[in-house]
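Colleague: Structure for this input, please:
(chains A and B)
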There are 2 protein chains.
Amino acid sequence: VPASRHSIGIGLLGLGVVGSGVARILDEKAAVYASRVGVPLVIRRVLVRDIEKERAFAPDRSLLTTDPEAVFGDPEIDVIVEVMGGEHPAYAYIQRAVETGRYVVTANKEVMAKHGPDLLGLAQQKGVDILYEASVGGGIPVISPLKRDLLANSVSAIAAIINGTTNYILTRMARDGMGYSEALRQAQDLGYAESDPTNDVEGFDAAYKLAILASLGFHTLVHPDQVYREGITAITDRDFRYAGELGYVIKLLALARREPDGLRIRVHPALVHDEEPIAKVDGVFNAIQLEGDLLGRVLFQGRGAGSLPTTSAVVADLIDVAIGLVRGWRDRLNWVREGQATVAPMESLRTRYYMRLTLADQPGVLARIASVLGDHSISLASVIQKEADESAQTAEIVIMTHVATEAGLSKALAELRTLEAVVGVGNCIRVETTV
Amino acid sequence: VPASRHSIGIGLLGLGVVGSGVARILDEKAAVYASRVGVPLVIRRVLVRDIEKERAFAPDRSLLTTDPEAVFGDPEIDVIVEVMGGEHPAYAYIQRAVETGRYVVTANKEVMAKHGPDLLGLAQQKGVDILYEASVGGGIPVISPLKRDLLANSVSAIAAIINGTTNYILTRMARDGMGYSEALRQAQDLGYAESDPTNDVEGFDAAYKLAILASLGFHTLVHPDQVYREGITAITDRDFRYAGELGYVIKLLALARREPDGLRIRVHPALVHDEEPIAKVDGVFNAIQLEGDLLGRVLFQGRGAGSLPTTSAVVADLIDVAIGLVRGWRDRLNWVREGQATVAPMESLRTRYYMRLTLADQPGVLARIASVLGDHSISLASVIQKEADESAQTAEIVIMTHVATEAGLSKALAELRTLEAVVGVGNCIRVETTV
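Modeller: Numbering: from 1, shown residues only, chains lettered A, B, ... in the order given. Okay, the predicted model is just below:
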C-alpha cells in the first residue's frame, strides 16, 4: 500500500433508493470492506437536489451538498459513484469526473447505452476507467462475465428478461388474471413502478440494457435507437388467458442475435413456452442467457433491481477500483470494439406469431382469413375459436402460425384489417423460443 | 505493448479431451485472440505421456515432448496451462511453474482444492498468479464472480449441481426408469463417465469443487476432507419412482452454509421438489446458486463439463493473463482469507428425510416404527404403503419426516434395524430445499 493512500475518497452523486443503499452499506460494512481493500472507503461528499428531504439512510448531514463543484473540486475524492439515473445531468457529471481524473462507478444504463463508448474512450485517454456492472441486471454479474469470462467465445445470441417492473406487471397479470392497469397500479403502490411508467412499460429501460449487453457481447457498438422496441401496454388479460391455455406465458424479452443480414436486436412482448427456464423467471427477478460458440448457453438469474442488489454491484465495482488504486494498477480488462454493427431490418425477422382476431360470425370467414395469410406464406399451426358474442354476432379466434416473416405478417395484417368480416385485430404477439 | 513482447508463449501440460480442445481452439481462433490480446498466443511446448497416441487434435508434432524439463526450461514460455487432471504429478508441475516465475492456468479441481491456498501464496511471493475458473462448472463463470462480483457481499450459502457425470446418471434413472448400473454404463459409453467412475459417483469430484467454492465464498480455507460426502451408488430406480410420485427428483447436491455452529459443507444425494429451479437442471448441465446478504440468491447455469465449455474457461483465463503480461499488470483481484473455517458436525444438521423400509406384514408394525421415531423427536409428514410382497409377507413403505436432527435420525435408524418387524432399511435420503 503506497504511504500516500490512507483511504479511498468517494463522491456520491444521488441519494435515492440506490444511493442511500450504497451509503448505508458502506457505513454498516466499513470494517469488512476496509479489510478487503486495505484502506477504508470513505464518502467525502454527497450531491443531492434537496438537503432537507427525508431519506431511508443519509450519511452525516455536513457531507450533503447541492453544488456539484463541491464534489468535483474536492481533491480527496478518487472515485465518483453516480447513482442519480437519467441522462441529464448524469452524463455531464460522469464526463466531468473522468476529465478530472476520477474513476467512475455508475448504475446508469441510459448514459452507458447512449454515451458509453465515448465515455470509455475518454476514460482510457485519462488513464482511468468507468465501471457499470450495476447498469444491467441489478446484482446479477453479467457485465463482468461478458468483459472477462466470455473472452474466448464468439457470442452469437443474448436472450433476457431485464426489466423488473414489466416482469412484475406481467407476472401479476398471468397469475392473478389482473388487467394491465390494475397490475401497473399495484406495481406503483409497491414502489416497483414510477408514477410515469413510460421508461419501463414502453421498453426503453430494457432497450438501454440490451444495447449495453449487445455492444459488449458482439464487440461492436449498438446504440439504443438501433434496438427495435415494443412495450407491454397493449397486452390484455385475455391474451394471458389464451396463451396460458396453449401452454405459454407472456414475457417482455430482450433478444439479440447475430444473423446473416446483421444483428437482430429487439425488445418486445413474446409468448414463451411455459417449460422454458426463462418462462419461470417471475416477479422482479431478471435472467440473462448468453450463447457462445465454445460455452453453449449460460443462464444468469437473480434479483435484477432494488436497493440492495444494485448496491451489491455498485460496491463490487467500487472495491475493484479501490483495490486497483491501492495497488497502483494502471488499467484493467475492458471492452474492445472489433467492428461496426449492421442491424438487420425487422422485416426480415422469421418467427412464429399469436394472433387474436374478432370476426363476424358468418360462414366462410375462416377460409378467407387463411387464404389471406397463405398469400403471404403464413401457414397456420392452430386456430381456436375462443368466445362468441351472440348479440354482436362476432366470434373471437386465436391463431398460432408456423414460422413466417415479419414483412409477410405485416402485409397480411394490413390486408386482414380491410376485410369486412374482420371486426378487429385484438393483438398480434411474436412467439419465441430461448432454448 | 512493450517491444519485448511479440507473443505470449504457452506450455501446455496434457493433451486429453480438454488439452486437445484448448490446442484446437487456440489454432482456429488465433487471429481473434491475437487481436483481443495485442499479440499472438503461441503454444511452445506440449507435455504428453505418449507422443504416438491418436488424438482429436494435436499441434505440430515437433512441439510434443514427454520431458517436463523441455517445458519448464523453455525461456519463451510465459504461461503454463495445466489440463492433465489428477493430483500427481500435476501438483508438482504447477509448483514448478510458479517457482520458475510462470503464470498458471489450470482446470484441476483436485490440486486447487487440496493445495490451492499454498500454491496461491507461493504465486503471490513470486509475483505471478494461478487462475482456475475451469476447475468448477466448466464454462460457467463462477470463480471470477466469487472473486470480484460478490466482493460487497457476505456469502451465506452455496447450493449446486457440479458433477455432470452423476447428474447425467441420475437424469437417465429419473427419466427412463433405468437402474444405476445401466445408467452408469450408458454414461461410460458416451464418454461422460470414466471406466473407474469412483471419483464422480462417490462424490469426490463434487467435494473438491465445493471446497473451492466454499473457500472463495466464505473467505476461509475449506479442505476437501472437511466436506461430508456420500455418493449415488445406493440410489435405486425404486427411490426415483417413489420420489417422483411425491413430487420430488433426486440430485447429487453440493451444499454449503454458514450456521451458528460453523460451516455446514456436504455433498450427498437429496430429494428436491420438482418445482425448484435446480431440480430442472438435467443431464450434463451444472447449476451453482450463491446467496449473499445484499444480492439475495443468484443462479448460474450451463454446461459444466466437456471439451469446449472447459476450453472456454481455460482460454478466458489465458487471455486475461496474456493481456496482463502485455500491459505489465503486477497483480489482480484475488482470494483473501479472512478467517479459520470451523466445520459444523454433521450430527447437528437439521433437515427432512425420505425413508424406504421393508416391514413384516403384521398388525401394529407402523405404530412401533412411529414410536421409535418419536422417541428421537422425529415426526412423520407422511407414510405411504407402496408395495406388498405376499409370498414374503412383507410390505414396503415410504416415510417422509418433518425436520429432524441427523443425530436423532441415525439413532432411530439403528434402533429400527434391531426391530424384528423391520425386514430392511431400503434407503434413507435427505430432503432439501434450495429456494
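Colleague: from here on, contacts and neighbour counts on C-alpha atoms
Modeller: Will do.
Colleague: Surely A:Leu294 is in contact with A:Leu150?
Modeller: No: applying Cα atoms under 8 Å as the test, A:Leu294 and A:Leu150 come out as separate, 9.1 Å apart.
Colleague: give the contact list for A:Ala157.
Modeller: Residues near A:Ala157 by Cα atoms under 8 Å, 6 or more residues apart in numbering or on different chains: A:Leu255, A:Ala256, A:Arg257, A:Arg258, A:Leu290, A:Glu291, A:Gly292.
Colleague: 10 Å instead, please
Modeller: A:214, A:217-218, A:255-259, A:263-265, A:289-293, A:297, A:434 (Cα atoms under 10 Å, 6 or more residues apart in numbering or on different chains).
Colleague: Likewise for A:Leu271?
Modeller: A:239-240, A:243-244, A:246-253, A:279, A:352-354, A:429-433.
Colleague: where do the helices sit along chain A?
Modeller: For chain A, the helices defined by DSSP state H cover A:17-28, A:30-37, A:68-72, A:90-99, A:109-126, A:143-144, A:164-176, A:180-189, A:198-201, A:204-217, A:237-245, A:307-327, A:365-375, A:406-418.
Colleague: Show me which of the contacts of A:Ala157 are buried.
Modeller: Buried by 16 or more other Cα atoms under 10 Å in any protein chain shown: A:214, A:217-218, A:255-258, A:263-265, A:289-293, A:297, A:434, out of the contacts of A:Ala157.
Colleague: quick one: which of the residues you listed sit in strands?
Modeller: Of these, the ones assigned to strands by DSSP state E are A:Leu255, A:Ala256, A:Arg257, A:Arg258, A:Leu263, A:Arg264, A:Ile265, A:Gln289, A:Leu290, A:Glu291, A:Gly292, A:Arg297.
Colleague: which one among those residues gets closest to chain B?
Modeller: A:Arg297 (5.9 Å; Cα to the nearest Cα).
Colleague: Pick out the residue nearest the middle of chain A.
Modeller: Nearest to the mean C-alpha position of chain A, counting by Cα atoms, centre = their mean, stands A:Ala206 at 2.9 Å.
Colleague: correct me, but that residue touches A:Val136?
Modeller: Yes: contact criterion Cα atoms under 10 Å: A:Ala206 and A:Val136 qualify, at 8.9 Å.
Colleague: overlap in contacts of those two?
Modeller: In contact with both A:Ala206 and A:Val136: A:Lys109, A:Ile162, A:Asn163, A:Ile212, using Cα under 10 Å, 6+ apart.
Colleague: Spatially, which two of these are the most separated?
Modeller: The largest separation in those, counting by Cα to Cα, is between A:Asn163 and A:Ile212 at 13.8 Å.
Colleague: Now for these two: what residues contact both?
Modeller: A:Val136, A:Ala206.
Colleague: residues touching the residue of chain A most remote from its centre, list them.
Modeller: The outermost residue of chain A relative to its centre, with distances by Cα atoms, centre = their mean, is A:Pro363 at 46.1 Å. Residues near A:Pro363 by Cα under 10 Å, 6+ apart: A:Ala421.
Colleague: residues contacting A:Asn108?
Modeller: A:82-87, A:90-91, A:116, A:132-136, A:208-209.
Colleague: Distance of A:Gln226 relative to chain B?
Modeller: Distance check for A:Gln226 against chain B: by Cα to the nearest Cα, to the nearest Å, it reads 25 Å.
Colleague: Same question for A:Leu119.
Modeller: Relative to chain B, and taking Cα to the nearest Cα, A:Leu119 is found at 20 Å.
Colleague: if I look at the spatially closest residue to that residue that is not a sequence neighbour, how far off is A:Pro89?
Modeller: In this structure, A:Leu119 finds its nearest non-sequential neighbour in A:Gln95, 6.6 Å apart by Cα to Cα, 6 or more residues apart in numbering or on different chains. The spacing between A:Gln95 and A:Pro89, counted by Cα to Cα, to the nearest Å, is 10 Å.
Colleague: So between those two, which is more surrounded?
Modeller: A count of neighbours by other Cα atoms under 10 Å in any protein chain shown puts A:Gln95 above the other of A:Gln95 and A:Pro89, at 19 against 11.
Colleague: what's the nearest residue to A:Glu133 if we skip its chain neighbours?
Modeller: A:Ile143 (5.2 Å).
Colleague: A:Val22 now?
Modeller: Counting by Cα to Cα, 6+ apart, A:Thr311 is the residue found nearest to A:Val22 once chain neighbours are left out, at 5.3 Å.
Colleague: What of A:Pro269?
Modeller: Per Cα to Cα, 6+ apart, closest to A:Pro269 is A:Leu252, 4.1 Å.
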